[in-house]
Every structure is written in C-alpha cells, then in structure tokens.
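Chemist: when you get a sec, could you give me coordinates for this:
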Amino acid sequence: MDLAFNKNEDALKMAWSQVRQKLEIIEQGGGLKAAAKQKERNKLTARERLDYLLDEGKPFIEIGAFAGYEMYPEHGGCPAGGTVSGIGYISGRQCVIVANDQTVKAGAWFPITGKKNLRMQEIAMENNLPIIYLVDSAGVFLPMQDEIFPDKENFGRIFRNNAKMSAMGITQIAVVTGACVAGGAYLPIMSDETIMVENAGSIFLAGPYLVKAAIGEDVDAETLGGAVTHTELSGIADYKFKTEQECLDKVKHIMAKLGPAQLAGFNQVQTLPPAKNETDIWGILSENNSKPYDMLQLIDCIVDAYSFDEFKKDYGKTIVCGYARVEGWAVGIVANQRLIIKNKKGEMQLGGVIYNDSADKAARFIMNCNQKKIPLVFLQDVTGFMVGSRSEHSGIIKDGAKLVNAVANSVVPKITIIVGNSYGAGNYAMCGKAYDPRLIYAWPSAKIAVMGGEQAAKTMLQIQVAAMKAKGKEVTAEEENELLTKITDNYTHQTTPFYAAARLWVDAIIRPSDTRMIIAEAIHAANHNPEIPTFKTGVFQV
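Modeler: Numbers count the residues shown, from 1 in each chain. Okay, here's the model as predicted:
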C-alpha cells in the first residue's frame, strides 16, 4: 500500500463514518422517549420487530433509511420516512418488509412515507418477492393531506398495488400491531392473510372519536375494530395472538410453507473471491474524487477472480464494458473509466466523459446482454457527454441517444451503483433512477446533479448578475464573490448522497466494501421473476 492509497482510504472511511453517524440518529426513530412509550404499552419498536422476524446471519439490505432526511423541519422531521423497510430473509425466503414506525408521529404518513412504501411495493412486484407489512399507523398526516391523498403516486396507489400484486400471485402478509385507520384499513384486508395483536391492533375506517362526531355512537377502539372483533365477528382478520412475538412467529410459519418460486434462470456457478481484496476498494477514489483512477481496479475488487472478460477493450475507452461474475452470478458490467486516455486517433480523452465511440460501444454491449439474458450492473462515475463543436459535428447527440435508447428498452434486470459523479445526461445514459434500475445505490462519495458544482454555480451567477444589472443595479466584485459562495454552498448541498437518498433518488447509501454482496443480493432477488419480455429497441439514428 502506498501513501496515496492510505490517504484515499482515510477519506472514504471518514465519509462512511459520517453516513453511520447520521444513520445512528435516524435509527432512533422518533427518539428515546417515544421508544420508551412503546415499551410501556408492551410494544416492540419497528426495528425490534424486524430483528425478531428476520433470519439470523442472512443479509438485510435496508432501503430508504435516509428517506425524509432534513425534510419537513416545520413538522419536526420524519426519520426514515416513518417506516423501516428493506429486503431480507424470513424462514429462508427472500422477501420485502415494510414496518411502520409508531414512534414517528404515531406512524402517520408524510408524502415521503407514501413514496417509500410505493417504492417497496415496486421492488416486490419487479422481483416477484413476497412482501410483509408490519402495520402500526395513525394514517395520513393531516397537515399535509393535500400532498398525500389524491394523486397517482400518493397514498391510494398502495391499495391499487395490493390488488395488482394479488393478481400477480405475490404473497402479502399483514401484521397489525397497532392502529390501522381510514384508508389504511384496506392494506391488511387486501393482503392474503392478516394477523392481529390482541388489545393492541385495531382496524377501522373511522376511529372512536370520528364515530362519535359522525353518528353519536360511543364505542371503544377494541370493540369497534380490535382483534377479537375482526377474528370472531367481522371475519376480516385471520389470526389473533396475545403478543407481537406470537404474531411474528406466525409469519415465519406461513413463509416456511410457501411453494418454490419460479426462477428467471440467470446463470450462476460456484463463486470465487475477487482477485483483489474487497477492502482494497476503499483506497481507489481520491478525496472528493478529484484525481483520475482506473475503474478496472475497482471492478477487480467486486467481481469473481479471473471472470472479467472485457468487451471491445481498445475501442470507446471512456466506458468499460465486459462480462463477469459476482458471487457466481453472470453479469454484464458498464462502467465509466476515470483515467485520461488516448483514443484510436491518439487524442487525449477526459475520464468520466462519454464520447461518441464509448456511447456506441456501451449501447451495443447492452443489446448483447439483453440477447443473452444477462443482468446488467452500471458503475457510475460520469460527468456527462463530451461537448464542443467537434463532438456536435461528429453526432454526439445521435450516439448518446442510441445509448439512452438501449438503456431505456433493456429488459434484463439493471442494478446501478453510483460510485462518484452522476451528472446530467450521463446519469440517464448510465441508468439513473429515471431508467428503472431494479435497485440503485450510492457510495458516500456520490454526487448527483445536472452538472458539476463549479460550472453550475458560475452559470447561475452569470444569470443572476445579468438580471441585477438589467434592473440598473451595479454589482461589485465583492458582491459577486459573496453571491458565488452562497450559490455554490446551496448547490453543493443538493448534490450530496444524503440529499438524493432523502428523496429516494437512490435506495440507500452503502458501505463501499459491501458493493459485491449488495449486487449479488439484487440479482438473487431479480432471479425470482421469471417473466423477461422480448427485447426491442425503438427507432434511432445510425
């Protein structure tokens, strides 16, 4: 190990430490006092429920832990979007789990809560995975009801998805550990099986206070919609137990009896460890990703040893493409090369920039993977497409469109890891969130924006200064510098992985040394969906 490697390692580990520090706060949910109140009611917290339910020693990939981060400050925040969710194993079966966190505003639904729950259902549907709901929610957060209730991507879409998943044959199990009110009452009833905790779980369209206001009836919550009522009178629920642990045990028993899943049949052989130590992955990127590096070194930390077979090695060198294996699974890798290299004409090409030839190569490789039914892994560190008269005259838009067309129409599972930069149309071409990756993750070093911070800030500065001068205001050099600093700080804040993860542009911020495991788990999940459509591309310029 050299000095540069050690500096790089220290910087990335420090960045990951900042992620962990923030996660430790998020994992407290609504805080220690709120958790203590759960204990007083003999209730587990959302994370304790997951700890009890999930198979010990098996991976659990949390999704959306940063959802809502630094959002809704006027309402006291919404840690993890008010839910704890992810992909894990129950009785040996990979599945999706969504648990309301009652310590966060009584489990009420903020706009980001709805978005996160829809994302979890999307993951279940795309990968044909069973989904378990641990319900403990007061319903819609009324001060923001206009942003939660009526639209296509709002609260009601969840129940539409319940119906769609049922028609698809996807197992859905609901455990009602607390309140389940109003529209939310449909979720457990539209699941395959509903389990309730006695004297804790309740399901009703209108709670006791609203019933009193609406029709003048005095009734308590347990009589109105408790476990006894719904298992003995209405027939709405299927099982009742005295404790949460007994309810969760029932979930384990149900999951253990599921029939075998039909598989897509993606190729897998016995795994080999990577050629490079997985821990070496920490020392490849420089601090702030300010220096070139060889993406092939990073790939060697992720893929099985001796498995990487590079495609068109000497052509389109700013994108690396190749077939490989990750924990035995066959994958196609599309990765931005960050080295400054010479093209076939002897011209220097900037690392992280997509040129005509690299776009052309990547599009062809993606088509090949679709023909062969090989899942795709995108490793993003891209500053965008090459600009300037030479590129425009060479048809960079045409070649970029071919790549975007191939990515958009790809039918094999796509897994995206944002390692460093993810700027502009490069984000799209390398399968950003808008292009339907099955799962998309970011390293702590990721930056996601329409362009780099320095260029964007200077562009915005020119626009603002011009507008001020047009109104007759003189702008001094000192004022320009102050304005530039303000713009840069704001823009930089918006490019961080925390900002992206808060809005679910990425599913999670991951530890770099977990990248290999996370890719393998994503392909294992994708293999549960046997339906792969026929690959077709649209019309494009040749």
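
Chemist: in the helix or strand harbouring Tyr491, what's buried?
Modeler: Secondary structure assignment for Tyr491, by DSSP states H and E: helix 477-494. By neighbour count on 16 or more other Cβ atoms under 10 Å, the buried set for helix 477-494 is Leu483, Leu484, Ile487, Thr488, Tyr491, Thr492. (Each C-beta comes from the backbone N, C-alpha and C, glycine too.)

Chemist: show me where the stretch 301-450 of the chain has strands.
Modeler: Applying DSSP state E, counting those that start in this stretch to the stretch 301-450 of the chain gives strands spanning 309-311, 319-326, 329-336, 341-342, 348-349, 353-354, 376-382, 384-385, 414-423, 439-442, 447-449.

Chemist: out of the ones you listed, which is closest to Val104?
Modeler: Taking Cβ to Cβ as the criterion, strand 439-442 is the member of these that comes nearest to Val104, at 23.4 Å.

Chemist: quick one on the thing from earlier: turn the strands of the stretch 301-450 of the chain into CSV, including mean pLDDT, mean neighbour count and distance to Ile158.
Modeler: CSV is the format used below for the strands of the stretch 301-450 of the chain (pLDDT from 0 to 100; neighbours: other Cβ atoms under 10 Å; distance: least, Cβ to Cβ, whole Å):
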stretch, mean pLDDT, mean neighbour count, distance to Ile158
strand 309-311, 98, 15, 41
strand 319-326, 98, 24, 33
strand 329-336, 98, 25, 31
strand 341-342, 82, 12, 48
strand 348-349, 84, 14, 47
strand 353-354, 94, 24, 38
strand 376-382, 98, 27, 29
strand 384-385, 91, 22, 36
strand 414-423, 97, 26, 25
strand 439-442, 98, 26, 20
strand 447-449, 93, 22, 27
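
Chemist: looking at those, spot the one closest to Leu224.
Modeler: By Cβ to Cβ (comparing all of the strands of the stretch 301-450 of the chain), the closest turns out to be strand 439-442, at 40.6 Å.

Chemist: for Cys78, which of the strands of the stretch 301-450 of the chain is the nearest?
Modeler: strand 439-442 (20.3 Å).

Chemist: contact partners of that closest one?
Modeler: Identification of contacts with strand 439-442 by Cβ atoms under 8 Å, 6 or more residues apart in numbering yields 123, 415-418, 431-433, 448, 497, 500-501, 505-510, 515, 518, 522, 525.

Chemist: just the C-alpha atoms of that strand, please, in PDB.
Modeler: Extracted in PDB, the C-alpha atoms of strand 439-442 (Å, rounded to 0.1, in the frame of the first residue of the first chain):
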ATOM      1  CA  LEU A 439     -32.100  -1.300  -7.300                       C
ATOM      2  CA  ILE A 440     -29.900   1.800  -7.200                       C
ATOM      3  CA  TYR A 441     -27.300   2.500  -4.600                       C
ATOM      4  CA  ALA A 442     -24.800   5.300  -3.800                       C
END
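
Chemist: off-centre distance for it?
Modeler: Relative to the centre of its chain, strand 439-442 is centred 5 Å away, using Cα atoms, centre = their mean, to the nearest Å.

Chemist: then stretch 85-94?
Modeler: The answer for stretch 85-94 is 17 Å, by Cα atoms, centre = their mean.

Chemist: heads up, I number from 46, so please use that
Modeler: Noted, 46 is the first residue going forward, which turns the last one into stretch 130-139.

Chemist: so who does Pro156 touch?
Modeler: Counting by Cβ under 8 Å, 6+ apart, Pro156 has contacts Met189, Glu192, Ile193, Asn199.

Chemist: and it, backbone torsions?
Modeler: phi -50, psi -40 (degrees, to the nearest 10).

Chemist: try Pro124
Modeler: Dihedral angles (degrees, to the nearest 10) for Pro124: phi -50, psi 130.

Chemist: list the contacts for it?
Modeler: Applying Cβ under 8 Å, 6+ apart, the residues near Pro124 are Ile70, Ile71, Gln73, Gly74, Gly75, Gly113, Tyr114, Asp146, Val149.
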